[in-house]
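> My questions concern the predicted model and sequence given below.
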Amino acid sequence: QVQLVESGGGLVQAGGSLRLSCAASGHTFTVYAVAWFRQAPGKEREFVAAIRWTGSSTRYADSVKGRFTISRDNAKNTVNVQMNSLQPEDTAVYYCATSPDYIGNSSYRYNYWGQGTQVTVSS
């Protein structure tokens with residue numbers, strides 16, 4: 001079993017930046033792929049970015065490409081997402097999740113989830 005805790009959310013003005021972290025404990029975190037999803041009020045959860053356990057493969061939603069960067073530090077059991085040029089449409093609760101190796105956008109393929117961290121971008 002893997003426990004995930006997100007942090008780093010907050011309130012930022014449009015054009016600003018935030019860095020979210022996903023800290024893992026429990027089973028060996030380093031063998032898992034990790035993804036970030038987000039869910040805005042009244043909307044479905046959507047894929048943001050993912051990274052394989054080696055860090056060599058990443059994937060991004062079109063809406064965040066060029067603005068968000070996902071990275072991982074297996075020594076610290078953390079996965080981070082640097083979010084730049086934030087816009088009001090990025091406002092959502094952000095979740096991290098793990099899968100054995102999948103880095104696609106289907107949420108059902110991810111088996112462990114954190115509780116989420118709120119990101120609010122004001123215009």
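Here it is on my side, so go on. Numbers count the residues shown, from 1 in each chain.

> show me where pLDDT drops low in the protein?
In the predicted model, the chain carries pLDDT under 70 at residues 28-30.

> Can you tell me the strand partners of the strand or helix carrying residue 3 and which way each runs?
Assigned by DSSP states H and E, residue 3 belongs to strand 2-7. Strand 2-7 sits in its sheet next to strand 18-26 (antiparallel), going by DSSP bridges.

> Can you point out the buried residues in the partner strand?
18, 20-24 (16 or more other Cβ atoms under 10 Å). To be clear about C-beta, it is placed using only N, CA and C from the backbone, and glycine gets the same treatment.

> again with stretch 109-123
Neighbour count says stretch 109-123 has 110, 112-114, 116-117, 119, 121 buried, by 16+ other Cβ under 10 Å.

> what's the spacing between the spatially most central residue of the chain and residue 100?
Nearest to the geometric centre of the chain sits residue 36, at 2.4 Å (Cα atoms, centre = their mean). In this view, residue 36 and residue 100 are 17 Å apart by Cβ to Cβ, to the nearest Å.

> Equivalent analysis for residue 115, please.
Distance from residue 115 to residue 100, by Cβ to Cβ: 22 Å.

> How about residue 10?
Counting by Cβ to Cβ - residue 10 and residue 100 are separated by 32 Å.

> Just the C-alphas of the strand holding residue 3, formatted as PDB.
Once non-C-alpha atoms are left out, strand 2-7 reads as follows in PDB (Å, rounded to 0.1, in the frame of the first residue of the first chain):
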ATOM      1  CA  VAL A   2       1.100   3.500  -0.800                       C
ATOM      2  CA  GLN A   3       0.100   6.700   1.100                       C
ATOM      3  CA  LEU A   4       0.200   9.900  -0.800                       C
ATOM      4  CA  VAL A   5       0.100  13.500   0.500                       C
ATOM      5  CA  GLU A   6       0.000  16.500  -1.700                       C
ATOM      6  CA  SER A   7       1.200  20.000  -0.600                       C
END
